[in-house]
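Engineer: Give me coordinates for this.
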Amino acid sequence: MSGAEGTEQVEVNIVSLMRAADTRRVRRHRRLSEIVLPASASAALLWGLQRADLMGDDTNLAVLYGLIFVASAASEVVRALRRTAMRLRVAVLVLGSGAVVYATGWGPVLVIGFMYGVASAVRSFGARAVMPALGLSFLAIALGQTAIELDLAPSVIDDVGLAHGLAALGALGLLFPAWVIHNTAASKEASEAQLVHQAFYDPLSRLPNRTLFLERLGRALHDARSAGASVAVLFVDLDRFKIVNDSLGHEVGDLLLAGVGDRIAACVRPSDTVGRLGGDEFVILLEDVAGSDDAVRVAERIHDELRAPFYLKGYEVVARASTGIALCEPARPVDAERLVRDADVAMYHAKRRGGSRYEQFTEEMGIQALRRLELETRLRHAIDHREFHLAYQPEIALGSGEVVGVEALARWIDPETGEVPLADVIPVAEETGLIVPLGRWVLEEACRQAQEWFAAIPTSKVAMVGVNISTRQFQQPDLVDQVSTTLGMAGIEPRRTRLEITESAVMQEAARGIGLVHELKQLGVQIALDDFGTGHSSLSALSNLPADVIKLDRSFVDRVLEDDMAAIIDAVTTMAHHLDIRVVAEGVETAAQLERLRSLGCDTVQGYLFSPAVLPAEAGALLHGGRFDIDALLRAARRRTWSPHRGGV
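Structural biologist: Got it, this is the predicted structure:
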């Protein structure tokens with residue numbers, strides 16, 4: 001009989017037995033009809049059934065259940081026998097033989113075989129493994145007996161067939177659980193190894209993670225203290241990695257991180273450790289270094305390696321990195337966390353100095369980092385408790401001397417230390433993201449205050465309030481909605497509000513930036529391109545921007561008396577006027593600067609020559625009727641008898 005025929009015959013026999021029972025019994029034993037056996041198992045079952053000579057007694061189903069149970073695991077049993085110890089094989093054979101002898105009436109032999117088999121199994125696998133095996137053996141027999149009592153099939157089997165069934169059940173009762181235990185132990189061992197790897201290694205780069213790196217660093221520091229040696233840590237952070245993710249996708253970004261990890265690992269000794277802390281941050285542990293020069297050489301080697309491009313998914317990608325170096329010497333003992341933190345601080349100093357370089361940690365860096373942390377904490381508190389207020393610097397038209405608007409500038413008065421310099425506040429606010437809630441408050445407060453002023457000013461008078469939009473604010477996806485909502489709540493005419501956006505913020509992502517400026521312009525507000533000349537815009541890009549004003553950067557004004565710079569400013573103002581864009585010069589502090597700027601065609605100016613930022617009441621008075629006599633100011637300056645002052649003339 002072929003394998004296919006055997007399988008079909010087995011299936012027919014099982015289904016026939018199920019159909020012989022009534023509906024209630026079929027429901028209780030439905031799973032029997034759902035058994036699907038491989039060819040080898042079907043053949044084994046058929047072999048048992050052919051020897052079971054079904055006659056019509058009530059005892060055959062116990063053996064049928066047992067044989068099905070054995071056949072369904074036949075191939076697994078064979079593989080398990082090949083892997084188990086010889087002692088267990090002997091135990092199985094003896095126990096099986098004992099079952100056969102018992103079936104023919106030789107009970108004492110069964111006792112001896114059974115006891116020997118159990119004892120051998122206990123010695124091989126332990127009592128905790130064998131007891132469930134015995135339980136399973138008895139459970140299988142009990143299952144068959146239950147089937148008999150339910151009268152599922154009226155048939156009979158002879159003593160020889162019963163002996164085969166019991167022998168199979170006895171063998172499987174010890175062997176199958178042992179096989180399960182063996183595979184479970186192997187699986188558990190593999191799972192534990194995988195868990196250990198996941199706990200201590202980064203899955204992307206396959207490098208040690210923070211936990212393992214700090215453990216190795218702690219051990220290295222302990223050994224270094226004992227030996228009077230030095231240890232160095234390098235903290236490497238990729239520059240502008242976000243652009244790779246945003247432009248080429250996270251898959252390319254992940255490949256780049258893995259490639260960078262491989263190149264860094266190739267730059268160190270086998271005894272050193274390279275780890276990945278997460279994101280685009282890598283750390284290197286250099287043990288037993290002679291001094292900072294050794295660490296510097298490794299940093300230079302890493303930067304040299306990263307100069308070669310990566311070829312990823314059809315893209316050529318160049319990686320640049322900023323690296324911080326921190327050293328633990330016998331004269332300066334530190335713990336692992338502190339050493340990594342020091343290297344991190346040095347890395348940020350490298351980034352602030354333009355990136356793609358390395359910096360060595362100094363104690364002054366640590367002091368500055370602590371001050372920045374304290375400033376950040378105070379800044380959060382100041383924003384939450386409204387410790388900021390606005391001051392307004394007037395903008396004067398050079399043609400008429402009239403005050404045509406004011407620029408809102410945030411001022412922070414700390415209750416303990418007094419006014420905090422804005423130059424210290426803005427970088428921390430930008431870095432931490434606190435500039436976003438601060439900028440939102442400035443916009444809301446400036447619009448509210450301006451509407452109070454403009455309500456008393458004739459609508460024909462030119463007057464506006466300028467509000468700075470930071471780079472982080474400009475990146476917010478809901479900026480247009482924020483501005484629209486703020487204008488509506490304040491009730492201010494959009495044309496009297498000027499949003500001042502830095503050139504670099506707009507051109508960082510040119511397509512998106514230009515599109516966003518167009519959306520803001522559609523609200524009816526004025527647009528000023530701030531710090532013009534310091535970004536990356538081209539003349540063609542400027543022609544695509546709906547700007548009303550460009551504000552020359554202070555660095556231009558500082559050098560306006562130089563002929564080369566004057567020529568540049570002249571070209572810029574000429575181009576802007578052709579595009580119907582007004583030009584504002586910031587930071588005017590001397591009459592000589594003022595006179596040169598007026599001759600070059602600048603439209604309006606701001607600066608201490610006229611007025612610093614003032615409180616709302618004074619700013620409102622300037623907007624209502626403030627005017628400066630520019631010609632008188634310049635004549636007085638030529639006679640060197642004029643001193644700067646504020647107020648209308």
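Engineer: how deep is Arg440 tucked in, by neighbour count?
Structural biologist: Neighbour count of Arg440, defined by other C-beta atoms under 10 Å: 16. Just so you know, the C-beta spots here come from the backbone N, C-alpha and C atoms, and that holds for glycine as well.
Engineer: Now the helix or strand it falls within: average pLDDT?
Structural biologist: Using DSSP states H and E, Arg440 maps to helix 435-454. Mean pLDDT, helix 435-454: 95.
Engineer: Just name whatever secondary elements that helix is in contact with.
Structural biologist: If you count contacts as 3 or more C-beta pairs under 8 Å, 6 or more residues apart in numbering; DSSP states H and E, helix 435-454 packs onto helix 363-384, strand 388-397, strand 403-414, helix 422-432, strand 464-469, helix 471-474, helix 479-490, helix 616-625.
Engineer: Try it again at 6 Å.
Structural biologist: strand 464-469, helix 471-474, helix 479-490, helix 616-625 (3 or more C-beta pairs under 6 Å, 6 or more residues apart in numbering; DSSP states H and E).
Engineer: Highest mean neighbour count out of those?
Structural biologist: strand 464-469 (a mean of 24; mean count of other C-beta atoms under 10 Å).
Engineer: if we can go back for a sec, I'd like the helices and strands packed on helix 435-454 laid out as CSV, including mean pLDDT.
Structural biologist: Below are these laid out as CSV (pLDDT from 0 to 100):
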stretch, mean pLDDT
strand 464-469, 95
helix 471-474, 93
helix 479-490, 96
helix 616-625, 91
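Engineer: and these as CSV, adding distance to Asp553?
Structural biologist: Shown next, in CSV, are the helices and strands packed on helix 435-454 (distance: least, C-beta to C-beta, whole Å):
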stretch, distance to Asp553
strand 464-469, 14
helix 471-474, 15
helix 479-490, 23
helix 616-625, 24
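Engineer: Out of these, which gets nearest to His381?
Structural biologist: helix 471-474 (19.8 Å; C-beta to C-beta).
Engineer: hmm, who's touching the closest one?
Structural biologist: Outside helix 471-474, the residues that touch it by C-beta atoms under 6 Å, 6 or more residues apart in numbering are 430, 435-436, 439, 501, 505.
Engineer: what stretches of the stretch 101-250 of the chain score poorly on pLDDT?
Structural biologist: 101-192 (pLDDT under 70).
Engineer: Mind jotting down where the helices sit in the stretch 251-400 of the chain?
Structural biologist: Counting by DSSP state H, counting those that start in this stretch, one finds helices in the stretch 251-400 of the chain at the ranges 292-306, 336-352, 363-384.
Engineer: From the contact counts, what lies against the first one?
Structural biologist: Read it as helix 292-306. Packed next to helix 292-306, using 3+ C-beta pairs under 6 Å, 6+ apart, are strand 321-328.
Engineer: Let me see the contact set for the closest residue to Gln393 other than its chain neighbours.
Structural biologist: Nearest residue to Gln393, sequence neighbours excluded (C-beta to C-beta, 6 or more residues apart in numbering): Ala613, at 4.1 Å. If you count contacts by C-beta under 6 Å, 6+ apart, Ala613 has them with 391-393, 409.
Engineer: What's the per-residue pLDDT of Ala613 here?
Structural biologist: 94.
Engineer: Look up how far Asp631 lies from Thr211.
Structural biologist: According to C-beta to C-beta, to the nearest Å, Thr211 stands 73 Å off from Asp631.
Engineer: ok so, going back, sort out which residues of the helix holding Arg440 are buried, please.
Structural biologist: 435-436, 438-440, 442-447, 449-451, 453-454 (16 or more other C-beta atoms under 10 Å).
Engineer: now the strands for the stretch 151-300 of the chain?
Structural biologist: Here the stretch 151-300 of the chain has its strands, by DSSP state E, counting those that start in this stretch, at 230-238, 273-278, 281-289.
Engineer: Give the partner strands of the second one in its sheet and their orientations.
Structural biologist: In other words, strand 273-278. Here strand 273-278 is paired, per DSSP bridges, with strand 281-289 (antiparallel).
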